[in-house]
Each structure stands twice: as C-alpha cells, then as structure tokens.
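Participant: next input, structure requested:
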Amino acid sequence: MAKARITVIRRSFHKDLTALYLDTTFSPQGLAPCESFHDGQSFVIEGFPAKPEGFPCEWAWADLHRAIAMVLFGGGAPWIKQSGSIVTCCTDGLRPVTFLVERIENKRKTTAQQ
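Facilitator: Got it, this is the predicted structure:
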C-alpha cells in the first residue's frame, strides 16, 4: 500500500469570530493560532488507520481520516494541481489548521533488483 504525508500548510486564527463566540470562562486568556502544530510540519502515514507517531491532535486526526483514506486508495481532488493529493483542514472554526495530504508511492523492487 502507498504511504501518505500530511503537511501543515497554515495555521489560521479568526480573531473577529473569537471576539463574538469565545466563552471566556473556558479560555480567560483568549486564543491564538493552534499551538499543537507549526507551519511546514509533516507526518508520514505508514500503517493507516493508525495515527502517525507524534501527530498531536486527536480532533484533527478524526477530521483528516476520510481525506487520508481517499488519497491512500488512489483518489484525490480534481481541483488540486498535484494528482493524488488534497488540501483540507480541521474543523476548529476559530483557529483552523490547513493540511496538504499527499500519496507517496512505494517503489516496487523488480526480480532483478532483489
């Protein structure tokens, strides 16, 4: 089976929505962009459906699950330039993280290479 790579493209923060909707009793100090990830960070998936080592957020993993499965089993998003990839995000409406999920093809050894 192919592998996949998840790369953090961008961490966003909607300050205007936070001002309108954040319950400050939950987070009195306020919010900032997601602190679990950093831009450019990547993770390789080798044993799907297991989460890759070091992937820090169960919520984001659940959100990415469908996109990862689609890419691993040969799908992609036709509106994305790179075949076998998709751009998607976690569902945190106040501070979403945008990810690139891309298939990494395994090179099969021929009999002569073994």
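Participant: so where's this protein uncertain?
Facilitator: Residue ranges of the chain with pLDDT under 70: 106-114.
Participant: remind me, longest helix of it?
Facilitator: In terms of residue count, the longest helix belonging to the chain (DSSP state H) is helix 58-72.
Participant: how about that helix: buried residues?
Facilitator: 60, 61, 63, 64, 67, 68, 70, 71, 72 (16 or more other C-beta atoms under 10 Å). C-beta here means a position set from N, CA and C on the backbone, and glycine is covered the same way.
Participant: residue boundaries of the helices in the protein?
Facilitator: 15-21, 58-72.
Participant: distance to residue 80 for the ones you listed - can I get that in TSV?
Facilitator: What follows is those, written out as TSV (distance: least, C-beta to C-beta, whole Å):
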stretch	distance to residue 80
helix 15-21	27
helix 58-72	10
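Participant: looking at those helices, spot the one closest to residue 39.
Facilitator: Closest approach to residue 39 among these is made by helix 58-72 (14.3 Å; C-beta to C-beta).
Participant: isn't residue 72 up against residue 5?
Facilitator: No: the criterion here is C-beta atoms under 8 Å, and residue 72 misses it with residue 5 at 10.9 Å.
Participant: okay, and the common contacts of those two?
Facilitator: Common neighbours of residue 72 and residue 5 are listed as residue 45 (criterion: C-beta atoms under 8 Å, 6 or more residues apart in numbering).
Participant: what residue is smack in the middle of this structure?
Facilitator: In the chain, the C-alpha nearest the mean C-alpha coordinate belongs to residue 99, at 4.0 Å (C-alpha atoms, centre = their mean).
Participant: beta partners for that residue?
Facilitator: residue 8, residue 88 (DSSP bridges).
Participant: ok, it - contacts?
Facilitator: 6, 7, 8, 9, 60, 64, 87, 88, 89, 90.
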